[in-house]
Each structure stands twice: as structure tokens, then as C-alpha cells.
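# Whatever this is, show me its structure:
(one chain, ligands or ions: 2)
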Amino acid sequence: MILAQGLPESKIRRMPRTRRVMKEALLIKYGEIALRGNNRNLFEKQLCRDVQKRLAGYDIRVNRENGRFLAESRDPEFDYMKVAPLAAKVFGIIGVCPCVKSNNRDIENIIEMCVEYLKRQRPAGPFTFKVLTKRGDKQYPITSQEISAKVGRAVLEVIPGTTVDLHNPQVTLFVEVRNHVFIYAQTVKAHGGLPYGSSGKGALLLSGGIDSPVAGYLMAKRGVEITAVYFHSPPYTSERAREKVTDLSKVLAGFTGYFKLHVVTFTQVQLLLNQNVPAAKLTILLKRSMLRISEQIALKENCQSLVTGDSIGQVASQTMQSLLAVQSAVKLPIIRPLAGMDKQEIIDISRKIEAYDISVRPYDDCCTLFVADHPETKPKASIIENVEKGVEGLAEAEAAAIAGVEVQEFRFND
Ligand code: ATP
Ligand code: MG
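Ligands and ions are numbered 1, 2, ... in the order given. All right, here's what the predicted structure looks like:
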């Protein structure tokens, strides 16, 4: 996802590299971690490392700079726009701005830099603009508003066809005065959230559908490290269905950096349940079995929770009564980040993270095999538990499924 604010990329001409004091760089902004009190330093360091790792394939160094990160290459020809979208996928980052930087913070130099910058990167023809200044260094002798006003006046004087528009400008020129001065007009919007892995770990029940990848994304965004579990039932489910899940794992690895998928062959469990329980109760018993198996994997992987893509009321197995009837299968808390979302809201996120086109590929999930025309929508937990107890060989079939788990690993650059 690249949502550029300010100049459209097509209208931007690259800066010439010859200027004496100006240097190109990538200014990286982070959000919520700034609020995390005593841990702030730790979080910043981790996040800085996360960004550095994500840009590892490039000749680029990421350092902390006064409430921002700064990524710089030794190569004066380096194209920062190429790596901006990569940095923007690191959770905790809120925006990535290709900028010019100078260590000369004199107001005259700031004005000159801004004018030069706009001259070279202006849209064709007349344009409206505003200047927005932020001082990371409050000791700087001129207020932010005064800096903006001085720069604005100079731009109006020197660049013909410019008009100030404070409310809806075509170009917003940002000036940040920190240890250095940074000038930029474009932001690649990032996803925000908390540094990945800073909020514990969860096992995500990942199907090839629309919902569970979104659930995984949302939890990972809150800093929860994800390990995924996928159930398939060959030969009833196809290789194509499994391929959807591996492709979705790659999408999620694009955010998390590393992503582990456990593939469980569920055929025997599914056949056993199908032969031994009333059709209307099959879905709920399959869910319990999936959760039990996932919990064993979760415990091995040191997870503190299970994560599913359930959304209240979406299908028969997602009524309150159904959620209650599956709960007693496991001890770990089941987190359902989509519980209160409408389908359209979930689809919007699915599209934003570029999972949607994969999720809608038309291959069957094991959950849709043998399902009843009219599954129970208000199962009674105690009855479900009794039916389950009567299924001979269920524990053994589940243990065999766990023993046969295949692990696949994905990295953001796969
Ligand atoms: P999704 O779009 O995530 O597949 P769904 O709308 O199809 O969800 P269900 O089939 O009831 O709804 O599944 C609810 C949740 O159960 C899923 O979001 C997922 O977390 C889990 N789940 C379902 N099928 C599988 C599977 N084959 N492997 C792993 N988890 C699954
Ligand atoms: Mg599904």
C-alpha cells in the first residue's frame, strides 16, 4: 500500500545530487511506541532494528534521530522511493518520507533549501501550497509558525504561479528542525501499530478465506507475534486450496518479516466425526477439534493465545451460542479481532493488505466439506460435549494429526 500525500510520484522530478549541504535520506516516523513510558527506549531500539532488517538487502543504514529514524545510503544516487514501501510495512511505523537533509540549520539555509526543493519537485503549472514546520528542538530561536511564514513568503516571491492555500493545498511542504533540518513533501503512509513481537504470541487459525488473514494482520499490528495453523483434508481439499494459504502466509510475512505455518492433515479426524456425529453438529465439533489441535501447537510454540477470524453472526458457527460451545475445548484464550466487524469492513482491510485477490480464489476449505444444509445455530455446550465424548478414537486421530504436522517458513523477501 502506498498512499502518497503531497506530490504525486509521476509529477516528481528527482533532485540533482550536486548541492553542497543537502543530502537525500528517508525520514521514518513512528507512532504509538512514543507513549510507552519507561519502555520507550527499548521499543525504539527494537523498531529501529526491525526497519534495518527489512532494508537489509540495500546499502542503507538506519539510525535514531530525535524522535524519528533516519535511513541513509552511502550511495549518492540511491533511490529512496524504492525502499520506502518496505519500511512502511514494518509495524510501529506511521509514515515514511523521502526528504532532503542538511546540518546547516540557519534560517537562511532553510529558506534556500525549501525554495530549491520546490523548484525541482513542483508540479507542472501553477500550484497551491502551504508550509508546515515542526521543531523537534524547542531551543531553536525561531517559532515553527515564523519559519513557515518566512519560507512561504520566499516561495511566493521566487516561484511564479504559486498561491498559499492553508486548507486544501496541492503541495504541503514539511520542514522539520531537529539535530538536522529535513524538508519533504511526500509521505508513504504506513500501518502504525506496535513493534512486532512486543505483545506476546498467538497461534492463528489460518484458512484460505477472507477473514482469518485479516485477523492475523490485526493482531500482528498490535505487536502479537503470529504462528499459523492450517487444516486441510487431502484428497478432499486440493493443492490449490493449500497454495492459497501459502500465498496468504507470504502476504503476512511481508508485514511480520518472518512467518511460520503449520499444516495439519485433518482428513482422518474429519472422516471420523462425519461418520459419528449428527450432520447439524458437525461444524461445531470440527471447530472444537481444530482448536484443540491448534492449542497443542500453540503451547509448543510458546503462545499465550489462539486467534481466529470469527465475526459475530456471520455464519452458523459464529453465533454467541456456538462460540460458547467451542470455548470448553481449550484453555488458552481465543482472541477474535473481527468479532465486531461487518463483512465490508473486513474486505476493505483485506484489499488494503493485498490479501483479497488470493482469498477469493475459488477453492474449497475443509470446513465446507460434508457440511449440513442446516447446521445448528444455537448448539448447547453440554450436549455438544456429550456427543464428542461418544466419538471413539477421536483423541488418537487428533494426536496422529499433530504428529504429522508439516512446517513451512516464509520471509518477507520470498
Ligand atoms: P475465513 O474467511 O477466515 O475462512 P469463514 O468466514 O470462512 O472464515 P469459518 O469457516 O466459520 O468462517 O471459520 C471461522 C474461523 O475458523 C476462521 O476465520 C479461521 O480462523 C478458522 N478456520 C476455519 N477453517 C480453517 C482451516 N481450514 N484451517 C485453519 N483455520 C480455519
Ligand atoms: Mg473459511
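
# For the closest residue to Ser207 other than its chain neighbours, give its distance to Tyr80.
Nearest residue to Ser207, sequence neighbours excluded (Cβ to Cβ, 6 or more residues apart in numbering): Asp365, at 5.1 Å. Every residue, glycine included, has its C-beta placed from N, CA and C. Remark: distance between Asp365 and Tyr80 (Cβ to Cβ, to the nearest Å) = 41 Å.

# Compare those two and say which is more crowded by neighbours.
When neighbours are counted by other Cβ atoms under 10 Å, Asp365 and Tyr80 differ, and Tyr80 comes out ahead with 21 against 18.

# for the stretch 1-150 of the chain, which spans come out with low pLDDT?
1-21, 32-37 (pLDDT under 70).

# That one: helices as residue ranges?
40-54, 80-87, 107-121, 144-158 (DSSP state H, counting those that start in this stretch).

# With the stretch 301-414 of the chain instead?
320-327, 343-352, 356-359, 381-389, 394-403.

# Could you export those to a markdown table, including columns for mean neighbour count?
Below are the helices of the stretch 301-414 of the chain laid out as a markdown table (neighbours: other Cβ atoms under 10 Å):
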| stretch | mean neighbour count |
| --- | --- |
| helix 320-327 | 18 |
| helix 343-352 | 16 |
| helix 356-359 | 18 |
| helix 381-389 | 15 |
| helix 394-403 | 15 |
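
# So which of those is nearest ligand 2?
Distance to ligand 2, taken as Cβ to the ion, is lowest for helix 356-359 among the helices of the stretch 301-414 of the chain, at 8.9 Å.

# pLDDT averaged over the closest one, what's the number?
Average pLDDT, helix 356-359: 98.

# Please save the CA atoms from it in CSV.
This file holds the C-alpha atoms of helix 356-359, laid out as CSV (Å, rounded to 0.1, in the frame of the first residue of the first chain):
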residue,chain,number,x,y,z
TYR,A,356,-8.3,-10.2,-1.1
ASP,A,357,-7.5,-11.5,-4.6
ILE,A,358,-5.9,-14.6,-3.1
SER,A,359,-8.7,-15.2,-0.6
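
# what sits up against it?
Outside helix 356-359, the residues within contact range by Cβ atoms under 8 Å, 6 or more residues apart in numbering are 208-210, 213, 244, 247-248, 251, 347, 350.

# Need the max-distance pair from these.
Spanning the widest gap among the contacts of helix 356-359 are Asp247 and Ile347, at 17.5 Å by Cβ to Cβ.

# tell me the contacts of the closest residue to Lys82 other than its chain neighbours?
Once flanking residues are discounted, Lys82 sits nearest to Tyr58: 7.9 Å by Cβ to Cβ, 6+ apart. Listed by Cβ under 8 Å, 6+ apart, the contact set of Tyr58 reads 73, 78, 82-83.

# If we use 10 Å, what do you get?
71, 73, 75, 78-80, 82-83, 86 (Cβ atoms under 10 Å, 6 or more residues apart in numbering).

# That concludes my questions; thank you for your assistance.
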